[in-house]
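Trainee: Next come a sequence and a model predicted from it.
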Amino acid sequence: MPTGFQQIRRDEEEEEPAGNGITPTLILSVFAAVLGSLQFGYNLGVINAPQKIIEQSYNATWMERQDTEHPIPIDPGTLTTLWSLSVAIFSIGGMISSFLVGVISEWLGR
């Protein structure tokens, strides 16, 4: 055995100490994980509610920028891609801001 290390051997006759495996820290961790998932799903549902209105806005902006007499609307596949990116940016923004919030709060103070 290398120097500084100690082998821990457990006798098969030893019994586990009796105790409750559910601790307040475990309960808090599970509660935070469940509520975090619930909040993420709720926010995705909230952002999907105005989907048609936002897609119409994308289409109107696209057609407005064309300098033709009869503008062509966005291809449905492209419109779906734009909407998918909009929803993904919402999640990516949450991840980035979670890393920056500590720095910003320290910079601005309490």
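Mentor: Sure, I can see it.
Trainee: So what touches stretch 32-47?
Mentor: 86-87, 90-91 (Cβ atoms under 8 Å, 6 or more residues apart in numbering). For the C-beta atoms, the positions are set from N, CA and C on the backbone; glycine is no exception.
Trainee: quick one: the helices in the protein?
Mentor: For the chain, the helices defined by DSSP state H occupy 24-48, 51-64, 76-108.
Trainee: Save those helices as a markdown table, and put in distance to Thr3 and mean pLDDT too.
Mentor: Output for the helices of the chain, formatted as a markdown table (distance: least, Cβ to Cβ, whole Å; pLDDT from 0 to 100):
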| stretch | distance to Thr3 | mean pLDDT |
| --- | --- | --- |
| helix 24-48 | 35 | 87 |
| helix 51-64 | 64 | 93 |
| helix 76-108 | 40 | 90 |
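Trainee: Mean neighbour count, the ones you listed: which tops it?
Mentor: helix 51-64 (a mean of 13; mean count of other Cβ atoms under 10 Å).
Trainee: now for it, which elements pack on it?
Mentor: Packing partners of helix 51-64 (3 or more Cβ pairs under 8 Å, 6 or more residues apart in numbering; DSSP states H and E): helix 76-108.
Trainee: Pull the distance from the helix it packs on to the chain's centre.
Mentor: 9 Å (Cα atoms, centre = their mean, to the nearest Å).
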